[in-house]
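Trainee: My questions are about this predicted structure, shown below with the sequence.
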Amino acid sequence: MSNPKVRVVLILVGFVFLKSNEKHQEALATRAASRVSDCPRNEIEWWKASKRLNCSDDAFSSVNRYHCLPADSLTTLLEFCYKRTRAQVVTGLCMVFIEKKNIVNHYNCVMFNEGCPNTRYYSNEMYKFPACFEIDPIQHCYKAEVSCQQFTRFQTDHGVLNTTLSLFNDTSNPSTTNTNVGTFYPLVIILPVLFLLGLIIAFVAWRMRRRMKMMKKHENVNWEFELGCLLQPLPSEQENLSIIDKENKIPQEIFYWKLKDRKTYVKSMKKGKISVYNGRGMVIGCARAGKSTLVKVIVIA
């Protein structure tokens, strides 16, 4: 043992053993990431979990700190003592753990409805943002993401529908087994909806048509009443005639006609239409031969 060569050999062997033991311990540490159903949600629970795994709690040390993060595949939650330096994370990012590389990485959470980190933090302080723990291991997404919520809602509604159909089938026919339980036929819902919409449209059209008829009838009644006023003696005062004129649709000049002319107008309006023939003629004669008188007689006739 006093031989220097032997001492050197023993020292080298011890050094190699220590190095291999250190690598073995590091390998054990990285493999110590264990799956958990949930991560601590506050500082006290986080500290207790750190003590349980014997992670570093030195305020001046940034290595070997306790972490609980989702796996990068978003299939499970992992807790471990991170042998590397904890990461400083900026706003808008959650952290995940890449098992194959044994490192932490960031995940952009701008698509979250709520809960996305809005301040800077360290990777071992994720308990401040619980939304970064809430994952859907089946769909591999965060529950706070809009796309994940829509798919989960559709899946839930579809499951409720299948359950309802199954219960209905079991109640109506308990003695037989239906192999199509839970099958959803869109026409079952679409056809009744279309039928109901058709009834509503038909009802609205009927009401509008009836209202138009009532309005037209009311207008005819008013028109008959206005025409009837022309057959009565009208006041001679100009002011009273102006008031009657404003309340009716009859042209103003007709109110100033004689009763005989007003009766002719009423008769024509009630008839609805009359034939009017236009023609041109020329009366030629000497002066004072009676041309104007002849024209007046023709017009009156």
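Mentor: Great, that's in hand.
Trainee: Let me know the secondary structure of H67.
Mentor: strand (DSSP: H, G, I helix; E, B strand; the rest coil).
Trainee: what about L78, helix or strand, and which?
Mentor: strand 77-85 (DSSP states H and E).
Trainee: Contacts for stretch 100-120 next, please.
Mentor: Residues outside stretch 100-120 that contact it (Cβ atoms under 8 Å, 6 or more residues apart in numbering) are 30, 33, 67, 69, 72, 82-84, 87-98, 123, 128-132, 134, 142, 144-147, 149. For the C-beta atoms, the positions are set from N, CA and C on the backbone; glycine is no exception.
Trainee: Please list only the buried members of those residues.
Mentor: Neighbour-count burial (16 or more other Cβ atoms under 10 Å) applied to the contacts of stretch 100-120 gives 30, 33, 67, 69, 72, 82-83, 87, 89, 93-97, 123, 129, 131-132, 134, 142, 144-145.
Trainee: Can you list which of these are found in strands?
Mentor: H67, L69, Y82, K83, V89, L93, C94, M95, V96, F97, Y142 (DSSP state E).
Trainee: Confirm for me that the fourth one is in contact with N64.
Mentor: Yes: in this structure K83 lies within contact range of N64 using Cβ atoms under 8 Å: 5.9 Å.
Trainee: Helices along this structure, start to end?
Mentor: 4-31, 43-52, 146-172, 186-230, 238-246, 259-271, 291-300 (DSSP state H).
Trainee: other SSEs contacting the last one?
Mentor: The reference is to helix 291-300. Packing contacts for helix 291-300, counted by 3 or more Cβ pairs under 8 Å, 6 or more residues apart in numbering; DSSP states H and E, involve no helix or strand.
Trainee: pLDDT averaged over it, what's the number?
Mentor: Averaged over helix 291-300, pLDDT sits at 84.
Trainee: Can I get it in CSV? Just the C-alpha atoms.
Mentor: Only the C-alpha atoms of helix 291-300 are listed here, as CSV (Å, rounded to 0.1, in the frame of the first residue of the first chain):
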residue,chain,number,x,y,z
LYS,A,291,-120.0,79.9,-84.0
SER,A,292,-119.5,80.4,-80.2
THR,A,293,-123.1,79.6,-79.5
LEU,A,294,-122.9,76.4,-81.5
VAL,A,295,-119.8,75.2,-79.6
LYS,A,296,-121.5,75.9,-76.2
VAL,A,297,-124.5,73.8,-77.2
ILE,A,298,-122.3,70.9,-78.3
VAL,A,299,-120.3,71.0,-75.0
ILE,A,300,-123.4,71.1,-72.8
